[in-house]
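In: pasting the structure only:
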Ligand code: SF4
Ligand code: SF4
């Protein structure tokens, strides 16, 4: 059973004016604080004229599908990532591998592996669920698309994702 508690507002609470003035005071104080803080010490930057260079490794940005040095996909099309994804953003079509690859033994590989970046919430669950270290979220943060279709990326793009300032 919900318990209703009656709150008696005072005159100044009812007219909201002191609360509005207090709120404006906080906003204005932050405005001047930011204005007189050197650009290098500010939390925000004038993107895209300036870019953040020191994006930490743990930042969850664009995904990458990892490959072995010879270019073979590490993915074994097990669907663990797609099952763990809370946004239903991963679509996989597996294919059976007939030629047994001694270098990288696996029975299946993804024929289609797509991520809908407009659905993705960059939670990193796919990376955590993967038993093969085949999918990672890199710190690449410039993800821009001009249509819904362009936001659905496949294997060709996913293997090329590079980390900011490195591999
Ligand atoms: S980061 Fe999260 S939402 Fe995005 S594809 Fe991976 S599991 Fe799904
Ligand atoms: S990326 Fe990992 S979890 Fe997803 S299907 Fe491939 S091997 Fe399985």
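Out: Right, received. Where do you want to start? Being a predicted model, the structure only gives us computed values, none of them experimental. Ligands and ions are numbered 1, 2, ... in the order given.

In: okay, CA-based contacts and neighbour counts for the rest of this
Out: Fine.

In: where do the helices of this protein begin and end?
Out: Applying DSSP state H to the chain gives helices spanning 11-15, 17-35, 80-84, 125-129, 155-158.

In: quick one: which of the ones you listed is nearest ligand 2?
Out: Ranking those by their distance to ligand 2 (criterion: Cα to the nearest ligand atom) puts helix 80-84 first, at 4.0 Å.

In: that closest one packs against which elements?
Out: Of the remaining helices and strands, those touching helix 80-84 by 3 or more Cα pairs under 8 Å, 6 or more residues apart in numbering; DSSP states H and E are strand 90-96, helix 125-129.

In: quick check: mean pLDDT of that helix?
Out: For helix 80-84, mean pLDDT is 98.

In: quick one: contacts of it?
Out: 88-92, 125-127, 129-131 (Cα atoms under 8 Å, 6 or more residues apart in numbering).

In: now render the helices of the chain as TSV, adding distance to ligand 1 and mean neighbour count.
Out: As requested, these are exported to TSV (distance: least, Cα to the nearest ligand atom, whole Å; neighbours: other Cα atoms under 10 Å):
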stretch	distance to ligand 1	mean neighbour count
helix 11-15	43	10
helix 17-35	33	11
helix 80-84	6	19
helix 125-129	4	19
helix 155-158	12	15
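
In: in TSV: the contacts of helix 80-84, plus pLDDT.
Out: As requested, the contacts of helix 80-84 are exported to TSV (pLDDT from 0 to 100):
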residue	pLDDT
88	97
89	97
90	98
91	98
92	98
125	98
126	98
127	98
129	98
130	98
131	97
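
In: how about JSON lines for the helices of the chain, with distance to residue 114 added?
Out: Written out in JSON lines, the entries for the helices of the chain read as follows (distance: least, Cα to Cα, whole Å):
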{"stretch": "helix 11-15", "distance to residue 114": "54"}
{"stretch": "helix 17-35", "distance to residue 114": "42"}
{"stretch": "helix 80-84", "distance to residue 114": "10"}
{"stretch": "helix 125-129", "distance to residue 114": "13"}
{"stretch": "helix 155-158", "distance to residue 114": "7"}
